[in-house]
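Undergrad: Build me a model from this:
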Amino acid sequence: MDLLDSDKISDYKLFRRRLGSVGLAILVGCLAAVSVRANSSMPAKYSYYRANGQKICLTVKPRGSMLAIELPNNKQSILIGQDIIVRTHSDLRLTTDLMDSAGLEVVRPLGGLEFTWVLRAANGSEALAACRRLVEEGLVVWALPDFFIPVQLLHVPDDPLYNQQWHLKHPDDQDIAVEEAWEITRGDSQVVVAVLDTGVDQSHTDLDPARMVSPRNILTGSNDASPSSLAIDAHGTACMGLVAATADNQIGVSGVCPQCSWMPVRIFGDFAQLAQLSQIAEGITYAADNGAWVISNSWGIGQELIDQGGIDMTPLYEAVRYAVNNGRDGQGSLVLFAAGNGDGSLNAQPIGADELPAMDETMAVGGCDHTGQVARYSDYGSCVSVLAPTWSGWTGDPKIVTTDTSANGGCNKGGEFYTSEPGQGDVAKGEPEPDEDGDYTAHFTGTSAATPIAAGVAALVLSANPDLTWQEVIEILQSTAEQIGGVDYTDGHNIRYGYGRVHALRAVAVAKFGRDNADYEPCALDLNCAGICLTNPPDSEPVCATACVLLSDCSGGQICSDGFCIPEEPEVPDVIIKGGCACQQSPGSSAHRWPALMIVLLIGLFRRKRGTVPCSCPLSPRGSDQ
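TA: Okay, the predicted model is just below:
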């Protein structure tokens, strides 16, 4: 019996040709299965093995060539089509007899995931049968249905709508302190933020095309990641605007990181109803492989859906781990997920153990409102990392203003707010929008809005310090978050509030200058210093200093002067200041000359600590001819 050895496979086409004949047209079910014909409308039972070896029994109904898993209290179904996802052994060996006996074909390797392939059977029932048989005969490490899953979309510039972006500038400081962070950095174009979603309006006037990087439509394999004109499909454009909308262009809004680059990756079809497991995974690996520093995901797959549908999330877990291990040349892409929007009635729910925000490798982002309270629907748990601004969940409270699909696409049609309703298309809600041209919306909500805001802050952090790993970015964002809500934080954490609301200034300052710096080192805030940050020293940028009352408060070689420790006056000869740089010779006694000299020395010291070269004047002993 001939063997196909993967060690001898040097070409993907050869692998496709040989494996293409593998088909496993065997209908197998759970032991209690009801035997029915494939075209029957009666429910039938099938099984497959999860990647951990657990056997899962599914009750399905035929739906054309697909199988449908109907969910209780859910208008949508999980679908199983022709495709399966398999992880082969590194020393793949399949008999040609087995391959010749059936009809699986290779569709493609799955992203950058090692030994992982998408294969195709004749229909959904044969796909399930193939999954089971491949595992039972030990031919693969795991084989999973490529489920179609109903996802949840977790809903001072001169820009004219900036004053409506309360998450950036709030009169009661219930914002993310980004204006102050912008004094340090407004972003760096080498920092790329990917939004995996319904697509992004690539021609939007507030999204600079010069900063767009590697757009991708995973569904079509093209570089056109544009959405449909439906209101619901403006979701991705709204997310991207919160991250990277251009500032100071006298139109629209500003993103949190307005000088960062942006990567639109479309992973959902029109009406954002169903997403295929393999396509989501491929979107994540594509972003990591094509330069994404930050990957923002404002959607989720809930624990109830995972349990009811018997869904194995392994391909998505593998894709996330690939991104954090291989993105940014090994420093890792930071992957953020929306925490979730509760039970559909605005009641928060615990984040399930199998959900993507619960992974150790992801950052779960919840939402908080304009008063500093957690949004009523924001899902919770020990995995919640930080909160970012969004709608409270209460009627009349402010929502988030951001970009919309241009003109009559998206939510804003002629200055009126629309939503997408199943079977009806877009329906007017009788609420005004901020512009009649239809380019912006004031109705973005949910942890969908919070997540790209947090992603924008993460991008600012990486702009301030590009050498940080993804773990270091998370640590900075968590440790600098503002503890809001008037609740108790145990070891800095609260299951509803995470580590608090993202604070852009603190996070960027720590990324740029570090913590606990010694005197005379540069700083932006006190947390950068072992002592305090002297924010306005004479003719110098901020530096660390030690506050003092007595000489004993200072270290050796320092004296206490005007409440701060400064270097002790050195022993120097009687000098005059002379020479260039607009310096003038100063006649008179040394007693009058020393204070000016001390200032020059201190300023020079401060500037040298910051890496700049001060203009210096030659010092000459009194009476010298030099």
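Undergrad: show me where the protein has helices.
TA: Taking DSSP state H, the helices of the chain run over residues 12-19, 96-100, 124-136, 178-182, 235-244, 277-289, 303-309, 314-326, 446-464, 470-479, 504-513, 590-609.
Undergrad: The first one - what's its average pLDDT?
TA: Averaging pLDDT along helix 12-19 yields 42.
Undergrad: Please apply the same query to the fifth one.
TA: For helix 235-244, the per-residue pLDDT values average out at 97.
Undergrad: what is the orientation angle of it with helix 446-464?
TA: 40 degrees (axes from the mean of the first three to the mean of the last three Cα atoms, to 10 degrees).
Undergrad: for helix 235-244, the distance to its chain's centre please.
TA: 12 Å (Cα atoms, centre = their mean, to the nearest Å).
Undergrad: Deepest-packed of the helices of the chain, please.
TA: By mean neighbour count, with neighbours taken as mean count of other Cβ atoms under 10 Å, helix 235-244 ranks first of the helices of the chain at a mean of 32. All C-beta spots, glycine's among them, are computed from the backbone N, C-alpha and C.
Undergrad: and that one, what does it pack onto?
TA: Counting contacts by 3 or more Cβ pairs under 8 Å, 6 or more residues apart in numbering; DSSP states H and E, helix 235-244 packs against strand 192-197, strand 261-266, strand 400-403, strand 440-444, helix 446-464.
Undergrad: where does the stretch 51-200 of the chain have low pLDDT?
TA: Residues of the stretch 51-200 of the chain meeting the criterion pLDDT under 70: 73-75, 91-102, 154-160.
Undergrad: try 50 this time
TA: Applying pLDDT under 50 to the stretch 51-200 of the chain flags residues 94-100, 155-156.
Undergrad: Could you say which one of the helices of the chain comes nearest to R63?
TA: Minimum separation from R63 across the helices of the chain (Cβ to Cβ) falls at helix 124-136, 8.1 Å.
Undergrad: Can I get the closest one in PDB? Just the C-alpha atoms.
TA: Presented in PDB, the C-alpha positions along helix 124-136 are these (Å, rounded to 0.1, in the frame of the first residue of the first chain):
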ATOM      1  CA  GLY A 124     -22.400  19.300   5.500                       C
ATOM      2  CA  SER A 125     -23.200  15.800   6.500                       C
ATOM      3  CA  GLU A 126     -20.100  14.400   4.700                       C
ATOM      4  CA  ALA A 127     -18.000  17.200   6.300                       C
ATOM      5  CA  LEU A 128     -19.000  16.100   9.800                       C
ATOM      6  CA  ALA A 129     -18.500  12.400   8.900                       C
ATOM      7  CA  ALA A 130     -15.000  13.300   7.600                       C
ATOM      8  CA  CYS A 131     -14.100  15.100  10.800                       C
ATOM      9  CA  ARG A 132     -15.000  12.100  12.900                       C
ATOM     10  CA  ARG A 133     -13.300   9.500  10.800                       C
ATOM     11  CA  LEU A 134     -10.000  11.500  10.300                       C
ATOM     12  CA  VAL A 135      -9.600  11.700  14.100                       C
ATOM     13  CA  GLU A 136     -10.700   8.200  14.900                       C
END
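Undergrad: check contacts around G498.
TA: Counting by Cβ atoms under 8 Å, 6 or more residues apart in numbering, G498 touches 364, 366, 384-387, 478, 481.
Undergrad: Mind checking which of those land in strands?
TA: 364, 366, 384-387 (DSSP state E).
Undergrad: Kindly reformat the residues you listed as JSON lines containing pLDDT and distance to G396.
TA: Below are the ones in strands among the contacts of G498 laid out as JSON lines (pLDDT from 0 to 100; distance: Cβ to Cβ, whole Å):
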{"residue": "A364", "pLDDT": "98", "distance to G396": "28"}
{"residue": "G366", "pLDDT": "98", "distance to G396": "22"}
{"residue": "V384", "pLDDT": "98", "distance to G396": "26"}
{"residue": "S385", "pLDDT": "98", "distance to G396": "29"}
{"residue": "V386", "pLDDT": "98", "distance to G396": "26"}
{"residue": "L387", "pLDDT": "98", "distance to G396": "21"}
